[in-house]
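J.: No letters, just coordinates:
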């Protein structure tokens, strides 16, 4: 009766945001920090998929690689070059973490496109943890490697002296906004795409417009295939940019 009343009030017979609800894997009780949930399951599957690709997929180390080994090597080479180009040779020691970050986001994004799955990267809790780890890690690294000189990141020496205090405040605010934009960008894009697919799927039940709805689903799904890799790339390249600031803070 409550669901019927809600539908009557909203005018909607479907709820595209229900797919993002974190629920227990067993039973219908409350979700606590120790409760196995659908998010826990798909986070674990993402980790297992990464292990399957990078560990078992490259175990043979064949001179002529198979498809799995080729994908692993291409991914490794792309991220390695990204870190080297942006951060320089000094940033390569942090490559393992950035590679892990990229692979985790990519596989989480693509696993979320499987029907009846759960998109973990649509959860701000997941992306916020990833962004905060980058933010805190880069900030600590900046002070450890540069000491007080890390504060030069906020002092624009190339600007006129009168403008430098104002620019310093702006730079400081933009620095602390980094984890917010870093996390919301990823979660928002993934959530939006899944919600649109759900809306088209709901219209697929209407006989007159079901063909158009199916075409819409196919089109948005194809777009989401691109969004998955693009958003992982954007998150990773921003991480490299922030790492560069920690290694070379002077403007």
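T.: Cool, got the structure. In this text the structure is predicted, and so the values were computed from the model without any measurement.
J.: Need the per-residue pLDDT for residue 6.
T.: Reading off the confidence values, residue 6 has pLDDT 45.
J.: cool, residue 207 as well?
T.: Note for residue 207: predicted pLDDT of 68.
J.: ok, now residue 163?
T.: 87.
J.: residue contacts, residue 224?
T.: 113, 193, 194, 197 (Cβ atoms under 8 Å, 6 or more residues apart in numbering). In short, each C-beta sits where N, CA and C put it, glycine included.
J.: quick one: it from residue 231, how far?
T.: For residue 224, the distance to residue 231 (Cβ to Cβ, to the nearest Å) stands at 10 Å.
J.: Likewise for residue 202?
T.: Counting by Cβ to Cβ, the gap from residue 202 to residue 231 is 25 Å.
J.: With neighbour numbers in mind, choose between the two.
T.: Each of residue 202 and residue 231 has its neighbours counted (other Cβ atoms under 10 Å); residue 231 has more, 23 against 15.
J.: Kindly indicate whether the more buried one is helix, strand or coil.
T.: helix (DSSP: H, G, I helix; E, B strand; the rest coil).
J.: residue contacts, it?
T.: Contacts of residue 231 (Cβ under 8 Å, 6+ apart): 105, 109, 121, 185, 186, 189, 190.
J.: Also residue 82?
T.: Neighbours of residue 82 in contact, by Cβ under 8 Å, 6+ apart: 98, 236, 237, 240.
J.: okay, now the second one: neighbour count?
T.: As a burial measure, the neighbour count of residue 236 was computed by other Cβ under 10 Å and equals 23.
J.: element containing it?
T.: helix 210-247 (DSSP states H and E).
J.: wait, doesn't residue 68 sit right on residue 55?
T.: No: if you go by Cβ atoms under 8 Å, residue 68 and residue 55 don't touch, sitting 10.9 Å apart.
J.: Look at these two and report which has more neighbours.
T.: residue 68 (16 against 10).
J.: Give me the residues contacting the helix or strand where residue 135 lies.
T.: Counting by DSSP H and E, the element that carries residue 135 is helix 124-146. Under the criterion Cβ under 8 Å, 6+ apart, residues 39, 43, 97, 101, 104-105, 108, 120-121, 150, 152-153, 178-180, 182-184, 186-187, 235, 239, 242-243, 245-247, 249 lie in contact with helix 124-146.
J.: can you give me the offset of it from its chain's centre?
T.: Here helix 124-146 shows a centroid-to-chain-centroid distance of 14 Å under the convention Cα atoms, centre = their mean, to the nearest Å.
J.: can you check stretch 223-240 too?
T.: 7 Å.
J.: Pipe the contacts of residue 231 into TSV and attach neighbour count and distance to residue 157 per row.
T.: Output for these, formatted as TSV (neighbours: other Cβ atoms under 10 Å; distance: Cβ to Cβ, whole Å):
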residue	neighbour count	distance to residue 157
105	26	35
109	27	40
121	30	38
185	16	30
186	26	33
189	19	36
190	27	39
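J.: Looking at the residues you listed, point me to the pair that's furthest apart.
T.: Taking Cβ to Cβ, the two most distant members of these are 109 and 185; they sit 12.9 Å apart.
J.: which residues are contacting stretch 97-106?
T.: 46-47, 50, 53-54, 75-76, 79-80, 82-83, 121, 130, 134, 137, 186, 228-229, 231-233, 235-236, 239-240, 243.
J.: Just the buried residues from these, in ChimeraX please.
T.: Only the buried entries of the contacts of stretch 97-106 go into this ChimeraX selection, using 16 or more other Cβ atoms under 10 Å:
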select :46,50,53,54,75,76,79,82,83,121,130,134,137,186,228,231,232,233,235,236,239,240,243
